[in-house]
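Asks: sequence? don't have it. structure:
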């Protein structure tokens, strides 16, 4: 069983009486420790897939196995717990709480499920993660006092504070200049290689996707390329991390569920 | 999420926009402030009323002798003489809820000083305790003493009206007045009391030791203790018209035969009194006092179980309820107005909380994406509304206190701090917070995280 395994995932939105199929049978696997880019033009179903993968939504049909658990039928609260424990999100527009210090932004997720921690423990954990992001001297700054790159690093720290094994980054460089983008992407790569965190980068930018070990292309609700590990040239790091998993990838056809 | 963390998060969220939080809670501040001010002024008013009411004799209990009945015909209250001075003393000793007790003997007769004469509307023989019961003061001189009562001294105390009528406002102390050819020395003048609720002049009064009135003025022991009878008979001696209209000429009922009299023996007593007046220790102890007095008197009169009382105890319940109803109505009216302003304040809170939910949609989406369950979101916004209301309530209590202090200071209205009102204000403002904060919080918790995150 892979870390992430989707099989014939369908997602149909209902707008009034009209059914709009967005995902038309997606099957894919992602191994633990991979750095994967999810690419597609807007309207391709990229965001929907990302929401499903991020347990923000549940599919209309199909199975989603995450870390050995079937999560497609979980209730809203169960998904919330899962997001808190296993997933981290980084957004294009950072989504930091305004007028709230960096350290409080980072420790915010802890207040929901890590209530057993004392104030001091929470703070120490947030400090540690911020330190890893190189923001040890910016802990008490508010978002408005931070540059875009710093804000995104605070956001990454917030995503990592619960030590999740899986990190989603939705256009993480969309609001950053090219230099800062490189920094942030390098940081993702470091997290992936050093800490073995599985990272899924959602982007429409081929330059960003080039940092990933594998790129999954989605078009019109179907994966056209890269749905299984090893089909696309991997970076050395990802290859190492994905390890043997990539070699035993089943050979299901990409569009088996038409 | 732990409780205090939720509260802290709520406070932080509110402090991100302090001006708006302040304006939002202004409605609650004014609402609670007016409730507190109303309650304090209302309480002060009712306390002041209770005090003035007590001076009118709110706690006074009157024991009247029972009714005599013959062959199924009742002669009305007071037609039997069943009360004795010993009853009065026993009530004073054995009833803890009774504060003061005084026997009264009433008569109505002419008083003369020099060339002037006057018939006071009330002429009571009593003891010095009577003044305490009626909360009456002596404005000049002093009251007669218990020793005067024992010896039946010829002394009396006059009301203001008598002083005006007989003495033309000059000091009557030490002067002698004549009451039915009994000379009495004036030892004191009562303070002014004005007319009572029925419009009767209460200052038109002469007080004297009950022994003096009983034995020297009415001059009767048993026969004419019935006050109405004694009143008419005693006045008949000065009223020259009584020969023209003889009051006791017509007898409605046949005189009792010797056998009938033997069947209904009148107890022979050396002294009877017309009434016992007593005062309860407080308005709340009136009913206890009535119970105790009933028990004592029944025991003393050897009444068996099932026998009707041979006396009646009256209190001023009617007056008391009328008064408390008045103040209650006023306080309730003011409270209702204040409550409306609280509701308006609550609507303001709901309004701003709805705006706040819309404005912070992305924050809600973010919190959901990092693992907040919908009940966490619900609680966060609910707590925010409640905190807002409670802070508003606290400021409102202060404001209300300031207002009532100013009213006391500038207008000299009586005010009284009311802990009940404060507790109520806190509870009500929390309730308003929950009531009006629930809908926005529920709306926030129903948001779809994907939509919320995408919200611009």
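Replies: Structure received. Predicted, not measured: the structure shown is a model, and the values here were computed from it. Residues are numbered from 1 along each chain as shown, chains lettered A, B, ... in the order given.

Asks: residues contacting the residue of chain B found nearest chain A?
Replies: Nearest residue of chain B to chain A, counting by Cβ to the nearest Cβ: residue B:371, 2.3 Å away. C-beta: built from backbone N, CA, C; applies to glycine. Neighbour list for residue B:371: A:80, A:81, A:83, A:84, A:85, A:109, A:112, A:113, A:162 [criterion: Cβ atoms under 8 Å, 6 or more residues apart in numbering or on different chains].

Asks: try 10 Å this time
Replies: Counting by Cβ atoms under 10 Å, 6 or more residues apart in numbering or on different chains, residue B:371 makes contact with A:55, A:79-87, A:108-114, A:162, A:164.

Asks: what's the answer for residue B:302, then?
Replies: residue B:310.

Asks: please report phi then psi for it.
Replies: phi 60, psi 40 (degrees, to the nearest 10).

Asks: helices of the stretch 251-400 of chain B, start to end?
Replies: For the stretch 251-400 of chain B, applying DSSP state H, counting those that start in this stretch gives helices covering B:258-263, B:286-300, B:317-359, B:361-369, B:374-406.

Asks: do I have it right that residue A:209 meets residue A:46?
Replies: No. Counting by Cβ atoms under 10 Å, residue A:209 sits too far from residue A:46 to count as a contact (11.7 Å).

Asks: what's the overlap in contacts for the two?
Replies: With Cβ under 10 Å, 6+ apart as the test, residue A:209 and residue A:46 both reach A:38, A:39, A:202, A:203, A:216, A:217.

Asks: beta-bridge partners for the first one, please?
Replies: So that's residue A:38. For residue A:38, the beta-bridge partners under DSSP bridges are residue A:202, residue A:216.

Asks: and it, what is it in contact with?
Replies: If you count contacts by Cβ under 10 Å, 6+ apart, then residue A:38 has A:28, A:30, A:44, A:46-47, A:49-50, A:53, A:168-170, A:200-204, A:209, A:212, A:214-218, A:223, A:226 around it.

Asks: can you check the fourth one too?
Replies: Taking Cβ under 10 Å, 6+ apart as the criterion, residue A:203 is in contact with A:37-40, A:46, A:92, A:169-174, A:185, A:209, A:211-212, A:215.

Asks: in strands only, show me the residues you listed.
Replies: Within the contacts of residue A:203, residues falling in strands by DSSP state E are A:37, A:38, A:39, A:169, A:170, A:215.

Asks: by neighbours, which of these wins?
Replies: Neighbour count (other Cβ atoms under 10 Å in any protein chain shown) singles out residue A:38 as the most crowded of those, with 29 neighbours.

Asks: list the buried residues of the strand or helix carrying residue A:190.
Replies: Taking DSSP states H and E as the criterion, residue A:190 maps to helix A:178-195. Residues A:180, A:181, A:184, A:185, A:187, A:188, A:189, A:191, A:192, A:193 are the ones in helix A:178-195 that count as buried (16 or more other Cβ atoms under 10 Å in any protein chain shown).

Asks: who's more crowded, residue A:209 and residue A:46?
Replies: Shown here are residue A:209 and residue A:46; by other Cβ under 10 Å, residue A:46 has more neighbours (25 against 20).

Asks: hmm, back to that, which of the contacts of residue A:38 are buried?
Replies: Of the contacts of residue A:38, these count as buried by 16+ other Cβ under 10 Å: A:28, A:30, A:44, A:46-47, A:49-50, A:53, A:168-170, A:200-203, A:209, A:212, A:214-218, A:223, A:226.

Asks: shaky segments in the chain?
Replies: Reading this off chain A. A:114-115, A:229-258 (pLDDT under 70).

Asks: think we crossed wires, I meant chain B
Replies: Scanning chain B for pLDDT under 70 picks out the ranges B:1-2, B:53-58, B:68-72, B:75-80, B:197, B:219-253, B:265-270, B:318.

Asks: for it, list the residues in contact with chain A, please.
Replies: Taking Cβ under 10 Å from any Cβ of the partner chain as the contact definition, chain B meets chain A at B:1-2, B:4-6, B:8-9, B:12-13, B:15-17, B:360, B:362-363, B:365-377, B:380, B:448-454, B:456.

Asks: any idea how far residue B:379 is from the residue nearest to residue B:354 when sequence neighbours are not counted?
Replies: Leaving out its chain neighbours, the residue that sits closest to residue B:354 by Cβ to Cβ, 6 or more residues apart in numbering or on different chains is residue B:440, at 4.7 Å. Going from residue B:440 to residue B:379 by Cβ to Cβ, to the nearest Å gives 13 Å.

Asks: residue B:261 now?
Replies: 88 Å.

Asks: these two: which is more packed in?
Replies: Comparing residue B:261 with residue B:379 by neighbour count (other Cβ under 10 Å), the higher total belongs to residue B:379, at 19 against 11.

Asks: count the residues that sit near the nearest residue to that one once chain neighbours are set aside.
Replies: Counting by Cβ to Cβ, 6+ apart, residue B:379 lies nearest to residue B:6, which is 5.9 Å off, once chain neighbours are set aside. Other residues near residue B:6 come to 18 when the count uses other Cβ under 10 Å.

Asks: mind listing what residue B:6 touches?
Replies: Residue B:6 touches A:111, B:376, B:379, B:380, B:382, B:383, B:384, B:387, counting by Cβ under 10 Å, 6+ apart.

Asks: ok so residue B:153 is a strand residue?
Replies: No. Per DSSP: H, G, I helix; E, B strand; the rest coil, residue B:153 lies outside any strand segment and is coil.

Asks: my guess is residue B:17 contacts residue B:388. True?
Replies: No. In this structure, residue B:17 is not within contact of residue B:388 by Cβ under 10 Å, at 11.3 Å.

Asks: give me the common contacts of the two.
Replies: B:24, B:352.

Asks: more neighbours: which of those two?
Replies: Legend: neighbour count by other Cβ under 10 Å for residue B:17 and residue B:388, higher for residue B:388 (26 against 16).
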